[in-house]
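A.B. asks: the following block contains a protein sequence and its predicted model.
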Amino acid sequence: MGSFDVEKISDPLARRAFTRHLLNDIKALELMLKKGMFESGIDRIGAEQELAIVNKEWRPALNNLEIIDAFKDDHLTTEIAKFNLEINLDPFEYTGDSLKKMHDQLEELLATVREKAESLGSRVILTGISPFANLIFTVLSVSVFTVYLPKVSL
């Protein structure tokens, strides 16, 4: 697995490369919009559930990667800290029973995540949004002229 670090880009060449990649992503989005590559004519609804992982003393448990390995399902993914997880529900067609379908899927996935976490000595608790949302916003808005690039080491 890897780690997620953020570092300031101070090298002008690296900053230009980052900007070039960002502009390429924007061009790709423009092309997808222009060519109608997004689904239309149907309404869908989906959700994600943020989780915090704690130990028996209700302190953060830093074993999200082990839980993901035991879970073996793409609906579960990491979040910013090793004591966070996220369950991503499928997008359902927005009809009369879509909220029930979402509820049922969340209950099923959550039961399995809880079982896997408990087998590893942890518990999961539901959280609303990532508790780091404010920190992320602060880092991203430090300065319009300062660019931060994720550094991923494997």
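C.D. replies: Structure received.
A.B. asks: for the rest of this, base every contact and every neighbour count on C-alpha atoms.
C.D. replies: Fine.
A.B. asks: residue 103: which element?
C.D. replies: Using DSSP states H and E, residue 103 sits within helix 98-119.
A.B. asks: so which residue is dead centre in this structure?
C.D. replies: Centroid check for the chain by Cα atoms, centre = their mean gives residue 79 as the closest residue, at 5.1 Å.
A.B. asks: nearest spatial neighbour of that residue, chain-adjacent residues omitted?
C.D. replies: For residue 79, ignoring the flanking residues on the chain, the nearest one in space by Cα to Cα, 6 or more residues apart in numbering is residue 85 at 5.3 Å.
A.B. asks: same question, residue 101
C.D. replies: Nearest to residue 101 is residue 92, by Cα to Cα, 6+ apart, at 7.7 Å.
A.B. asks: OK, contacts around the one you found?
C.D. replies: Going by Cα atoms under 8 Å, 6 or more residues apart in numbering, residue 92 touches 44, 45, 46, 98, 101, 102.
A.B. asks: next, format these as JSON lines and append pLDDT.
C.D. replies: Shown next, in JSON lines, are these (pLDDT from 0 to 100):
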{"residue": "44", "pLDDT": "92"}
{"residue": "45", "pLDDT": "92"}
{"residue": "46", "pLDDT": "91"}
{"residue": "98", "pLDDT": "93"}
{"residue": "101", "pLDDT": "96"}
{"residue": "102", "pLDDT": "94"}
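A.B. asks: got a quick ChimeraX command for the buried subset of these?
C.D. replies: Selection of buried members from these for ChimeraX, criterion 16 or more other Cα atoms under 10 Å:
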select :98,101,102
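A.B. asks: now the strands for this protein?
C.D. replies: In the chain, the segments counted as strands under DSSP state E are 3-8, 44-45, 48-54, 76-78, 84-88, 92-93, 123-127, 148-153.
A.B. asks: okay, now the unreliable bits of the protein?
C.D. replies: For the chain, the stretches with pLDDT under 70 are 1-6, 129-154.
A.B. asks: repeat the analysis, applying 90 as the threshold.
C.D. replies: Applying pLDDT under 90 to the chain picks out residues 1-10, 38-40, 79-81, 127-154.
A.B. asks: beta partners of the residue nearest to residue 101?
C.D. replies: Listed beta-bridge partners, residue 92: residue 45 (assigned using DSSP bridges).
A.B. asks: roughly how far does it sit from residue 98?
C.D. replies: Look at residue 92 and residue 98: by Cα to Cα, to the nearest Å, they are 6 Å apart.
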